[in-house]
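Engineer: Below: sequence and its predicted model.
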Amino acid sequence: MTSYLASGRSLRSWLVTKDHKRIGILFLIATTLALVLGGVFALLIRIELLTPEPSVFDALDYNRSFTHHGVVMVFLFMVPVIPTVFGNFFLPMMLGAPDVALPRLNLASFYVYCLGATILLLSLWFGGVDTGWTFYAPYATTSPTAVATAVFGVFVVGISSILTGLNFIVTVHTMRAKGMRWFRMPLFVWAIYATAIIQVLATPVLGLSLLLVGADHAFGMGVFDPALGGDPILFQHLFWFYSHPAVYIMILPAMGVVSEVVCTFSHNRPASYRAIAISSIGIAFIGFLTWGHHMFVSGMSMLDVGAFGILSMFVAIFSAIKVFTWTATLYRGRITFNAPMLYFFGFMFLFVFGGMTGVAVATSSLDIHWHDTYFVVAHFHFIMVGGTLTMFLAACHYWFPKMFGRRYPEKWALIGAVAVILGFVFTFTPQFLLGNAGMPRRYHTYVPEYQWLNVMSTAGATILALGLVVTLVYLVHSIFRGEKAGDNPWDSRGYEWLAPTPPPTHNFHTPLVIARGPYDFHCPERP
Amino acid sequence: MNRRVEIQFESAARQEHAVQLGMWIFLGSELLLFAGLFGLYTVYRTEYGLEFDAGIHHNQLLLGSTNTVVLIVSSFTVAWALYNVRKDKRDTALAMLGITMLLGLAFLVIKGVEYAHHFSEGVFPGKAYTNLELPGHGARMFFTLYYLMTGLHALHMIGGLAVMGWVTHRVWTRRTNRESHTELHLGALYWHLVDSIWIFLWPLFYLTG
Ligand SMILES: [Cu+2]
């Protein structure tokens, strides 16, 4: 049987494909472009901040840059990337299924994403947006920039997210192979499943609140405009009701990748499968009850502040359960050290550091000092970038042989990983110090005392960017020129490795019958 | 349900289950889209209670209630259409689908009459609001929400009419028949959803003054 890469080589055969693997590759291309674009905006910000005085930008252009950076990174990269790329490619294979349940809807989701991204990028081109990625009212309703078009673009991207989530839920419920009980599903599937539930529940509310801001901006609806009797704080409630769970839409799939990587390369079953699976659901649930921690200084009663603070800290308990379980999985394992594992260790450091600062900012007395400073910026970059970006890269390496039938060069991969992790730490550690020293976010000028830390941060961002460029170059090169890979080069027990490499259109030659768990390293690969 | 089974499913029953589950999840996310607006309504009504009462009295109870009846009847007719397709009574099914669409159109016409009446009184959403009888932020917010919620609902109604038109065409050409009628079933579910949302809008804008 021919592989999915070889069945039809025309551009058309890719653009109208219903194969979940090809749709995953299409999303990989689209989201990587978004990452590059968002990265360019980030570098522009860092260049401006090299000096205390305005250098390359005036205030409006600077505001546009950080807004575009945030909007592109959050809505076009971080939220969709792992579910649409690796979820699409591997969820059906991990279930032993020939495809997702609704393949046409899957392709539709890709085009809806492209449509939304196009609208969004056009709005950035014509006028741009200067509100910050949070589109806070009332400023967003009166800003002279293209707010209404941009939020409509985000709304359309949200529809794509709902369609993908819906498809994954249905797939997990109806497409499991014979013998695949719920607790035999790989942990990545659990993570994607929990994510899909959040996507379906939370995205409509975000879509609606953004549409309302757009309507306020375009037609003067005044829903959030105090001059017309509206309440801007209500927008913050609606927005964060989605956007806090959205943090878990970004981090839960990354946690799924962590589980696969750490088990495969320690050749060990997870220290507790149930602890990891159930804490994912716990995080998904608690995540809906913590949104108020973004609003401690927006005028909130002390009782609410306390409640939201404590509920937010519960997230740390579930996260800690995961961190300890992953660490314990290493114990007595047969550990292979390579690029995905280096990313795993990088993830553990960044996630624990970011998580602990998260507990700190959930403490209202401290948050009042840190609110809207670089401390918060550094905190959420540690979690979101340190978590999702590192695990996106780990997944790119871990599944590379199965996706393309080739190996990547290990030495270059380790160099790239070191550059990414060190560059990241050098970018954001100074920002914790800046924030604690009182430097507010979203300004293009600052007092000269802050300069040396800003220069360090820009240097770190440069190393990070170089690491990403190196990684992109050797990965693309390896797709065409890499050494051929076998069916299961890592000696994993994951079901996706049972398929031929690269997999044929419907994944398995004969229907899979599952007779062992996905981490049963004491069993042979094919019992 | 002898519909063509697509390659990824092992049986027709699995396929049917998958499609139904997908539809229910979709309906759930539609409900959540409206949930945000219901939340806004609740908060603003708490803030502007008396002015919301006055707004409700200003709306024409007769027209709103007529629309409720229209939609409830249409829910019956669409269910009856499905029942008749299952019994292989194509003509009755087509008649029922026709009545369903006429009722949907009637709903939109009545809504349009109401909107026209509001416009003539200067009752517009947001900053365009110029009504002097009910000045004030609360009344303005009431009618802004009225337009947003009934407008979003009317958009769903138009979507539902498009779906019904497509399904009717399939019944007409016998592609939807006793053996294969999933699309009619899903279309009817969507129609019921749109109707039930109105059942919640009706008290909020006409009854509870
Ligand atoms: Cu949050």
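Structural biologist: Ah, there it is.
Engineer: what about stretch B:193-209, near chain A?
Structural biologist: No - residues of stretch B:193-209 are not located near chain A by C-beta under 8 Å from any C-beta of the partner chain, the shortest gap being 13.2 Å. Quick note: C-beta positions are derived from backbone N, CA and C, even for glycine.
Engineer: Pull out the buried residues from that stretch.
Structural biologist: By 16 or more other C-beta atoms under 10 Å in any protein chain shown, the buried positions in stretch B:193-209 come out as B:193, B:194, B:195, B:197, B:198, B:201, B:202, B:204, B:205, B:206.
Engineer: got the contact list for the second one?
Structural biologist: With contact taken as C-beta atoms under 8 Å, 6 or more residues apart in numbering or on different chains, residue B:194 is in contact with B:71, B:153, B:156, B:157, B:159, B:160.
Engineer: Now the buried members of those residues.
Structural biologist: Buried members of these, scored by 16+ other C-beta under 10 Å, are B:71, B:153, B:156, B:157, B:160.
Engineer: In helices only, show me those.
Structural biologist: Members of the buried ones among the contacts of residue B:194 lying in helices (criterion: DSSP state H): B:71, B:153, B:156, B:157, B:160.
Engineer: pLDDT weak spots in the chain?
Structural biologist: As the question left the chain open, I've gone with chain A. Applying pLDDT under 70 to chain A flags the ranges A:1, A:527.
Engineer: actually it's chain B I care about, not the one you picked
Structural biologist: Scanning chain B for pLDDT under 70 picks out the ranges B:1-3.
Engineer: Backbone torsions only: list them for residue B:131.
Structural biologist: Taking degrees, to the nearest 10, you get phi -70, psi 130 for the backbone angles of residue B:131.
Engineer: Also residue A:406?
Structural biologist: Backbone torsions of residue A:406, given as degrees, to the nearest 10, read phi -130, psi 160.
Engineer: and it, how many neighbours does it have?
Structural biologist: 19 (other C-beta atoms under 10 Å in any protein chain shown).
Engineer: Write down the beta-bridge partners of it, one by one.
Structural biologist: residue A:484 (DSSP bridges).
Engineer: what about it, distance to chain B?
Structural biologist: Taking C-beta to the nearest C-beta, to the nearest Å as the measure, residue A:406 falls 27 Å from chain B.
Engineer: Spit out the contact partners of residue A:444.
Structural biologist: Residues near residue A:444 by C-beta under 8 Å, 6+ apart: A:48, A:49, A:54, A:57, A:58, A:59, A:62, A:63.
Engineer: Recalculate using a threshold of 6 Å.
Structural biologist: A:48, A:54, A:57, A:59, A:62 (C-beta atoms under 6 Å, 6 or more residues apart in numbering or on different chains).
Engineer: So for residue A:410, what's the nearest residue that isn't a sequence neighbour?
Structural biologist: Nearest residue to residue A:410, sequence neighbours excluded (C-beta to C-beta, 6 or more residues apart in numbering or on different chains): residue A:338, at 5.8 Å.
Engineer: Tell me who's in contact with the residue in chain A that chain B sits nearest to.
Structural biologist: Scanning chain A for proximity to chain B using C-beta to the nearest C-beta identifies residue A:229 as nearest, at 2.6 Å. For residue A:229, the contact set (C-beta under 6 Å, 6+ apart) comprises B:137, B:140, B:141.
Engineer: Show me what from chain B comes close to chain A.
Structural biologist: Contact residues (C-beta under 6 Å from any C-beta of the partner chain) of chain B with chain A: B:8, B:14, B:17-18, B:21-22, B:25, B:29, B:32-33, B:36, B:125-127, B:137, B:140-141, B:144.
Engineer: What is the nearest of the contacts of residue A:229 to chain A?
Structural biologist: Within those, the smallest distance to chain A is 2.6 Å, found for residue B:137 (C-beta to the nearest C-beta).
Engineer: Would you map the helices across the stretch 51-200 of chain A?
Structural biologist: For the stretch 51-200 of chain A, helices defined by DSSP state H, counting those that start in this stretch occupy the ranges A:59-71, A:81-82, A:88-94, A:103-125, A:139-142, A:147-174, A:187-219.
Engineer: Same list (those) but as CSV, adding mean neighbour count and distance to residue A:250.
Structural biologist: Below are the helices of the stretch 51-200 of chain A laid out as CSV (neighbours: other C-beta atoms under 10 Å in any protein chain shown; distance: least, C-beta to C-beta, whole Å):
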stretch, mean neighbour count, distance to residue A:250
helix A:59-71, 20, 13
helix A:81-82, 27, 8
helix A:88-94, 27, 17
helix A:103-125, 19, 16
helix A:139-142, 20, 22
helix A:147-174, 25, 11
helix A:187-219, 25, 9
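Engineer: Can you pick out the most distant pair from the buried ones among the contacts of residue B:194?
Structural biologist: Spatial extent of the buried ones among the contacts of residue B:194 (C-beta to C-beta) is set by the pair B:71 and B:156 at 11.7 Å.
Engineer: Would you confirm that residue A:163 contacts residue A:109?
Structural biologist: Yes - counting by C-beta atoms under 6 Å, residue A:109 is a contact partner of residue A:163 at 4.1 Å.
Engineer: Phi and psi next, for the residue of chain A closest to chain B.
Structural biologist: Per degrees, to the nearest 10, the backbone of residue A:229 is at phi 90, psi 0.
Engineer: swap in the one 4 residues further on?
Structural biologist: Recorded main-chain torsions at residue A:233 are phi -60, psi -30, according to degrees, to the nearest 10.
Engineer: what does residue A:491 give?
Structural biologist: The phi/psi pair for residue A:491 (degrees, to the nearest 10) reads phi 50, psi 50.
Engineer: So which bits of the stretch 101-250 of chain A are right by chain B?
Structural biologist: So the stretch 101-250 of chain A meets chain B at A:101-102, A:162, A:166, A:169-170, A:173-174, A:200, A:204-205, A:208, A:220-222, A:228-229, A:238 (C-beta under 6 Å from any C-beta).
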